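Trainee: have a look at this fold, sequence not included:
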(Lines give C-alpha, C1' and ligand atoms only; values in the text may rest on other atoms or scores of the structure.)
Protein backbone atom coordinates (compact mmCIF):
# COMPACT_ATOMS: atom_id res chain seq x y z
CA UNK A 1 0.00 0.00 0.00
CA UNK A 2 1.35 3.42 -0.94
CA UNK A 3 2.40 5.67 1.92
CA UNK A 4 0.13 8.62 2.63
CA UNK A 5 1.74 11.92 1.62
CA UNK A 6 2.70 13.84 4.77
CA UNK A 7 2.77 17.31 3.23
CA UNK A 8 0.54 19.69 1.27
CA UNK A 9 1.69 19.89 -2.34
CA UNK A 10 0.54 23.51 -2.58
CA UNK A 11 2.48 24.44 0.56
CA UNK A 12 5.74 22.92 -0.63
CA UNK A 13 5.30 24.40 -4.11
CA UNK A 14 4.84 27.84 -2.57
CA UNK A 15 8.18 27.32 -0.81
CA UNK A 16 9.77 26.16 -4.07
CA UNK A 17 8.48 29.29 -5.79
CA UNK A 18 10.37 31.40 -3.23
CA UNK A 19 13.71 29.69 -3.89
CA UNK A 20 13.24 29.78 -7.69
CA UNK A 21 12.45 33.50 -7.42
CA UNK A 22 15.58 34.05 -5.35
CA UNK A 23 18.01 32.00 -7.46
CA UNK A 24 16.41 31.17 -10.79
CA UNK A 25 16.11 27.65 -12.19
CA UNK A 26 19.71 26.91 -13.16
CA UNK A 27 21.28 28.16 -9.91
CA UNK A 28 18.82 26.30 -7.68
CA UNK A 29 20.14 22.94 -6.50
CA UNK A 30 18.28 19.89 -5.27
CA UNK A 31 19.68 20.65 -1.81
CA UNK A 32 18.29 24.18 -2.02
CA UNK A 33 14.88 22.77 -2.88
CA UNK A 34 14.97 20.16 -0.11
CA UNK A 35 15.82 22.80 2.47
CA UNK A 36 13.25 25.29 1.18
CA UNK A 37 10.44 22.78 0.75
CA UNK A 38 11.16 20.85 3.94
CA UNK A 39 10.75 17.42 2.34
CA UNK A 40 13.08 14.48 1.77
CA UNK A 41 14.82 13.70 -1.51
CA UNK A 42 12.69 10.57 -1.92
CA UNK A 43 9.47 12.53 -1.36
CA UNK A 44 10.59 15.12 -3.88
CA UNK A 45 11.39 12.57 -6.56
CA UNK A 46 8.29 10.48 -5.83
CA UNK A 47 6.01 13.52 -6.11
CA UNK A 48 7.65 15.71 -8.74
CA UNK A 49 10.19 13.53 -10.56
CA UNK A 50 13.22 15.85 -10.56
CA UNK A 51 14.22 19.53 -10.28
CA UNK A 52 12.57 20.37 -13.59
CA UNK A 53 9.42 18.59 -12.45
CA UNK A 54 9.34 20.73 -9.32
CA UNK A 55 9.89 23.84 -11.43
CA UNK A 56 7.11 23.03 -13.90
CA UNK A 57 4.65 22.47 -11.05
CA UNK A 58 5.85 25.58 -9.20
CA UNK A 59 5.56 27.69 -12.35
CA UNK A 60 2.04 26.41 -12.98
CA UNK A 61 1.10 27.21 -9.39
CA UNK A 62 2.61 30.69 -9.67
CA UNK A 63 0.70 31.39 -12.91
CA UNK A 64 -2.54 30.38 -11.21
CA UNK A 65 -1.85 32.66 -8.22
CA UNK A 66 -0.87 35.56 -10.50
CA UNK A 67 -4.15 35.29 -12.40
CA UNK A 68 -6.13 35.11 -9.16
CA UNK A 69 -4.41 38.28 -7.92
CA UNK A 70 -5.26 40.05 -11.17
CA UNK A 71 -8.90 38.95 -10.99
CA UNK A 72 -9.07 40.22 -7.40
CA UNK A 73 -7.52 43.54 -8.46
CA UNK A 74 -10.09 43.92 -11.26
CA UNK A 75 -12.96 43.12 -8.90
CA UNK A 76 -11.75 45.61 -6.27
CA UNK A 77 -10.81 48.49 -8.61
CA UNK A 78 -13.65 50.80 -9.63
CA UNK A 79 -12.48 51.88 -13.09
CA UNK A 80 -10.77 50.31 -16.08
CA UNK A 81 -8.10 53.02 -16.35
CA UNK A 82 -7.25 52.56 -12.67
CA UNK A 83 -6.59 48.87 -13.39
CA UNK A 84 -4.36 49.80 -16.33
CA UNK A 85 -2.51 52.37 -14.23
CA UNK A 86 -1.98 49.90 -11.40
CA UNK A 87 -0.57 47.27 -13.77
CA UNK A 88 1.99 49.68 -15.24
CA UNK A 89 2.83 51.14 -11.83
CA UNK A 90 3.52 47.61 -10.53
CA UNK A 91 6.32 47.18 -13.07
CA UNK A 92 8.92 48.03 -10.43
CA UNK A 93 7.63 45.13 -8.33
CA UNK A 94 8.01 42.75 -11.27
CA UNK A 95 11.66 43.72 -11.70
CA UNK A 96 12.83 43.86 -8.08
CA UNK A 97 13.92 40.87 -6.05
CA UNK A 98 14.13 41.56 -2.33
CA UNK A 99 12.90 39.95 0.90
CA UNK A 100 9.84 42.21 0.73
CA UNK A 101 9.22 41.79 -2.99
CA UNK A 102 10.39 38.76 -4.94
CA UNK A 103 9.53 39.90 -8.42
CA UNK A 104 7.65 37.75 -10.95
CA UNK A 105 8.48 34.12 -11.64
CA UNK A 106 6.74 34.27 -15.01
CA UNK A 107 8.81 37.21 -16.20
CA UNK A 108 12.01 35.76 -14.72
CA UNK A 109 11.30 32.48 -16.53
CA UNK A 110 10.80 34.24 -19.87
CA UNK A 111 14.19 35.93 -19.41
CA UNK A 112 16.04 32.81 -18.23
CA UNK A 113 14.56 30.22 -20.61
CA UNK A 114 13.79 32.18 -23.75
CA UNK A 115 12.36 29.56 -26.14
CA UNK A 116 14.81 26.72 -25.42
CA UNK A 117 12.24 24.59 -23.57
CA UNK A 118 9.04 24.08 -25.57
CA UNK A 119 6.97 22.95 -22.59
CA UNK A 120 8.01 25.93 -20.44
CA UNK A 121 7.29 28.26 -23.39
CA UNK A 122 3.82 26.73 -23.73
CA UNK A 123 3.09 27.31 -20.02
CA UNK A 124 4.23 30.94 -20.24
CA UNK A 125 2.26 31.73 -23.41
CA UNK A 126 -0.87 29.95 -22.17
CA UNK A 127 -0.60 32.12 -19.06
CA UNK A 128 -0.02 35.25 -21.18
CA UNK A 129 -3.19 34.69 -23.18
CA UNK A 130 -5.22 33.97 -20.04
CA UNK A 131 -3.95 37.24 -18.56
CA UNK A 132 -4.89 38.91 -21.86
CA UNK A 133 -8.43 37.52 -21.54
CA UNK A 134 -8.77 39.11 -18.09
CA UNK A 135 -7.46 42.45 -19.35
CA UNK A 136 -9.72 42.22 -22.40
CA UNK A 137 -12.69 42.14 -20.04
CA UNK A 138 -11.36 45.28 -18.37
CA UNK A 139 -10.91 47.07 -21.71
CA UNK A 140 -14.40 46.10 -22.90
CA UNK A 141 -15.88 47.34 -19.61
CA UNK A 142 -13.94 50.59 -20.05
CA UNK A 143 -15.29 50.99 -23.56
CA UNK A 144 -18.83 50.34 -22.33
CA UNK A 145 -18.44 53.04 -19.67
CA UNK A 146 -16.82 55.47 -22.15
CA UNK A 147 -13.53 55.65 -20.23
CA UNK A 148 -11.53 53.72 -22.86
CA UNK A 149 -11.58 54.62 -26.54
CA UNK A 150 -13.81 52.69 -28.92
CA UNK A 151 -11.83 53.88 -31.94
CA UNK A 152 -9.80 50.65 -31.79
CA UNK A 153 -10.68 47.00 -31.27
CA UNK A 154 -10.65 45.97 -27.59
CA UNK A 155 -8.47 42.92 -28.26
CA UNK A 156 -5.94 45.02 -30.19
CA UNK A 157 -5.78 47.55 -27.34
CA UNK A 158 -5.28 44.72 -24.84
CA UNK A 159 -2.31 43.27 -26.70
CA UNK A 160 -0.83 46.70 -27.38
CA UNK A 161 -0.87 47.33 -23.64
CA UNK A 162 0.55 43.94 -22.67
CA UNK A 163 3.26 43.90 -25.34
CA UNK A 164 4.29 47.41 -24.30
CA UNK A 165 4.36 46.31 -20.67
CA UNK A 166 6.47 43.21 -21.34
CA UNK A 167 8.80 45.10 -23.69
CA UNK A 168 9.29 47.84 -21.13
CA UNK A 169 9.97 45.25 -18.46
CA UNK A 170 12.62 43.58 -20.64
CA UNK A 171 14.37 46.89 -21.31
CA UNK A 172 14.20 47.89 -17.65
CA UNK A 173 15.69 44.54 -16.63
CA UNK A 174 18.72 45.26 -18.83
CA UNK A 175 18.84 48.98 -18.04
CA UNK A 176 17.07 49.84 -14.75
CA UNK A 177 17.62 53.57 -15.29
CA UNK A 178 15.95 53.57 -18.73
CA UNK A 179 14.77 57.20 -18.91
CA UNK A 180 11.65 56.84 -21.07
CA UNK A 181 9.51 54.58 -18.85
CA UNK A 182 7.19 57.29 -17.59
CA UNK A 183 6.77 58.86 -21.02
CA UNK A 184 5.86 55.48 -22.54
CA UNK A 185 3.31 54.82 -19.80
CA UNK A 186 1.71 58.22 -20.34
CA UNK A 187 1.51 57.59 -24.10
CA UNK A 188 -0.25 54.28 -23.48
CA UNK A 189 -2.71 55.97 -21.13
CA UNK A 190 -3.42 58.77 -23.62
CA UNK A 191 -3.93 56.22 -26.41
CA UNK A 192 -6.35 54.17 -24.30
CA UNK A 193 -8.38 57.00 -22.84
CA UNK A 194 -11.61 57.89 -24.57
CA UNK A 195 -11.63 61.40 -26.08
CA UNK A 196 -13.50 63.97 -24.01
CA UNK A 197 -16.43 65.51 -25.84
CA UNK A 198 -15.93 69.22 -26.37
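Mentor: Thanks, I have the structure now. For clarity, every value in this text was computed on a predicted model and none was experimentally measured. Numbering: from 1, shown residues only.
Trainee: distance from the host helix or strand of residue 85 to the middle of the chain?
Mentor: Assigned by DSSP states H and E, residue 85 belongs to helix 80-89. Helix 80-89 sits 15 Å away from the centroid of its parent chain (CA atoms, centre = their mean, to the nearest Å).
Trainee: and that helix, what does it pack against?
Mentor: helix 51-76, helix 118-144, helix 154-174, helix 181-192 (3 or more CB pairs under 8 Å, 6 or more residues apart in numbering; DSSP states H and E). To be clear about C-beta, it is placed using only N, CA and C from the backbone, and glycine gets the same treatment.
Trainee: one more time with 6 Å
Mentor: Contact analysis of helix 80-89 by 3 or more CB pairs under 6 Å, 6 or more residues apart in numbering; DSSP states H and E lists helix 118-144 as its packing neighbours.
Trainee: could you report the pLDDT at residue 112?
Mentor: If you check residue 112, the pLDDT there is 92.
Trainee: would you mark the buried spots in the helix holding residue 85?
Mentor: 80, 81, 82, 83, 84, 85, 87, 88 (16 or more other CB atoms under 10 Å).
Trainee: then stretch 122-130?
Mentor: 123, 124, 127, 128.
Trainee: do stretch 56-65 as well
Mentor: 56, 57, 58, 59, 61, 62, 63.
Trainee: ok, the last one - contacts?
Mentor: I take that to be residue 63. Applying CB atoms under 6 Å, 6 or more residues apart in numbering, we find residue 63 in contact with residue 127.
Trainee: tell me the centre residue of this structure?
Mentor: The centre of the chain sits closest to residue 106, judged by CA atoms, centre = their mean, with a distance of 4.7 Å.
Trainee: can I assume it sits in a helix?
Mentor: Yes - counting by DSSP: H, G, I helix; E, B strand; the rest coil, residue 106 falls inside a helix.
Trainee: and the gap between it and residue 20?
Mentor: For residue 106, the distance to residue 20 equals 11 Å [CB to CB, to the nearest Å].
Trainee: residue contacts, residue 77?
Mentor: Counted by CB under 6 Å, 6+ apart, residue 77 has contacts residue 83.
Trainee: can you pull the contacts of residue 131?
Mentor: Counting by CB under 6 Å, 6+ apart, residue 131 has no contacts.
Trainee: so where's the protein shaky on pLDDT?
Mentor: By pLDDT under 70, the weakly predicted segments of the chain are 1-6, 93-102, 197-198.
Trainee: rewinding a little: redo the buried residues of stretch 56-65 as a markdown table? Include distance to residue 147.
Mentor: Converted to a markdown table, the buried residues of stretch 56-65 look like this (distance: CB to CB, whole Å):
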| residue | distance to residue 147 |
| --- | --- |
| 56 | 39 |
| 57 | 39 |
| 58 | 37 |
| 59 | 34 |
| 61 | 34 |
| 62 | 31 |
| 63 | 29 |
